[in-house]
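Enquirer: Structure here, sequence nowhere to be found:
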């Protein structure tokens, strides 16, 4: 039995479209989470406080902050906060 991948041209167009939409939504949710973390960071919240507000672990907040710092080209919270104000 042969299985089809999600992007297989043999799949009906509506299935491929649904996979594409789901993929886009996943990206949007990820961007929204990073934006929310950045918002609370800019308001002076700690990782623990951000995690409590967004219902995620302190470690997850830290991972999101690593992504934000890398994207913004900064090394710390203060620089990230200043960067988004500019």
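Expert: Now that the structure is in, tell me what you want to look at. Since the model is a prediction, treat every value here as computed from it, not as a measurement. Numbers count the residues shown, from 1 in each chain.

Enquirer: can we go C-alpha only for contacts and neighbour counts from here?
Expert: Fine.

Enquirer: buried sites along stretch 73-86?
Expert: Neighbour counts over stretch 73-86 (16 or more other Cα atoms under 10 Å) mark 74, 77, 80-81 as buried.

Enquirer: tell me the contacts of residue 53?
Expert: The contact partners of residue 53, by Cα atoms under 8 Å, 6 or more residues apart in numbering, come to none.

Enquirer: so which helix or strand takes in it?
Expert: Using DSSP states H and E, residue 53 falls within helix 47-54.

Enquirer: Buried ones in stretch 61-72, by neighbour count?
Expert: Across stretch 61-72, burial judged by 16+ other Cα under 10 Å covers 61-62, 64-66, 68-69.

Enquirer: Turn those residues into a markdown table, columns for secondary structure.
Expert: Converted to a markdown table, these look like this (DSSP: H, G, I helix; E, B strand; the rest coil):
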| residue | secondary structure |
| --- | --- |
| 61 | helix |
| 62 | helix |
| 64 | helix |
| 65 | helix |
| 66 | helix |
| 68 | helix |
| 69 | helix |
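
Enquirer: Among these, which one lies nearest to residue 30?
Expert: Closest approach to residue 30 among those (Cα to Cα): residue 64, at 9.5 Å.

Enquirer: Wait, that closest one touches residue 37, no?
Expert: Yes - with contacts counted by Cα atoms under 8 Å, residue 64 reaches residue 37, the gap being 7.3 Å.

Enquirer: Spell out the residue ranges of the helices in this protein.
Expert: Here the chain has its helices, by DSSP state H, at 13-42, 47-54, 58-72, 77-85.
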